[in-house]
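Here's a sequence, model it:
(one chain, ligands or ions: 1)
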Amino acid sequence: MKSIVQPLASVLFVALFCAAPARAQEVKAGDLVITQAWARATPKGAKIGGGYLTIENKGSTPDRLVGGSTEVADKLEVHQMAMKDGVMTMRPLDNGLTIDPGKTVKLAPGGYHLMMFDLKSPLKQGDTVPVTLKFEKAGDVKVSLAVQGIGAQAPGGAMMKKMPSGMKM
Ligand SMILES: [Cu+2]
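Residues are numbered from 1 along each chain as shown. Okay, here's the model as predicted:
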């Protein structure tokens, strides 16, 4: 009997844990699981904002994040940021961002990110930004980006680091 009670208890624990007012929202869409969706607060007058999230592909075929939209900005693109000759550069991923089966892709400062252009108003810490992501297979997926502080490196603000001056986004 003990062997049955034990796993049940842990399932119950997980269920309770997930039902708690967690700040890390989890969105499932087909084989994809999206977590840690957040954005950085923007200074007044800023026209662009960055969004970040983690996408896990639990399926057996690749999917691709090809774009998206949000009501807070005119345009949303999927970008890649990389250091090139000592300078941070970024470019839109014209063919989208592939999430291979069994893999987790993290959009985070300094790497892949969602870029919102022509913000209608600044993103304020504590706000939630609704975004519709477009995947090749999973289709349109709605997520909410939890807005963190301007210098945040990760959701929750626990890993705040100073950005080197002169580096944008
Ligand atoms: Cu960008």
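
For residue 45, grab the count of nearby residues.
Residues lying near residue 45 (other CB atoms under 10 Å) number 7. Any C-beta I mention is one placed from the backbone N, CA and C, and that applies to glycine too.

Now it: phi and psi?
phi 90, psi -10 (degrees, to the nearest 10).

Show me what counts as buried in the helix or strand encompassing residue 146.
Element membership for residue 146, per DSSP states H and E: strand 139-148. For strand 139-148, the neighbour count (16 or more other CB atoms under 10 Å) marks 141, 143, 145-148 as buried.

What strands flank it, and is each parallel or antiparallel?
Note on strand 139-148: by DSSP bridges, its sheet partners are strand 32-40 (parallel), strand 128-135 (antiparallel).

re the thing from before, between the buried residues of strand 139-148, which is nearest residue 129?
Using CB to CB, residue 145 comes nearest to residue 129 of those, at 4.2 Å.

From the ion, how far off is the closest one?
Separation of residue 145 from the ion (CB to the ion, to the nearest Å): 15 Å.

Nothing else from me, thank you.
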